[in-house]
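Asks: I'd like to go over a predicted model; first the sequence, then the structure.
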Amino acid sequence: MSRDDDTARVPSLTRRQQTDAGTAKSLLLTVFGEFVLPCDRPVWTSTLLHVLTGLGVEEKSVRQALNRMAADGWITSERAGRRV
């Protein structure tokens, strides 16, 4: 068996699988797990937007990920004036 035969058996990843590590939801979960949950304090949406846009995620994607996480019951929101 040649070396080329070995590489031919390696399954290729779909585009979604290749980019999944950098999705807004996965990065958001990482931020929550590493920084928010250990402090056990609420975090402003604007702070999450600032952090994730700094990591290259579009604001729309962050907001969509937050909305989906809230709809799935992972997070809850509270309003304090204009901040959420």
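Replies: Received it, and whenever you're ready, just let me know what you need. What you see is a predicted model, and the numbers here were worked out from it, not measured in a lab.
Asks: Relative to the whole chain's centre, how far out is the helix or strand where N67 lies?
Replies: Element membership for N67 (DSSP states H and E) is helix 59-71. Centroid separation for helix 59-71 versus its chain: 9 Å, with Cα atoms, centre = their mean, to the nearest Å.
Asks: buried ones in that helix?
Replies: For helix 59-71, burial by neighbour count (16 or more other Cβ atoms under 10 Å) applies to 61-62, 65-66, 69. (C-beta placed from N, C-alpha, C; glycine too.)
Asks: quick one: R82 from L27, how far?
Replies: Shown here: R82 relative to L27, a distance of 25 Å by Cβ to Cβ, to the nearest Å.
Asks: who has more neighbours, these two?
Replies: Neighbours per residue, other Cβ atoms under 10 Å: of R82 and L27, the larger number sits with L27, 20 against 6.
Asks: so that one makes contact with G56?
Replies: No. Using Cβ atoms under 8 Å, L27 makes no contact with G56, being 9.1 Å away.
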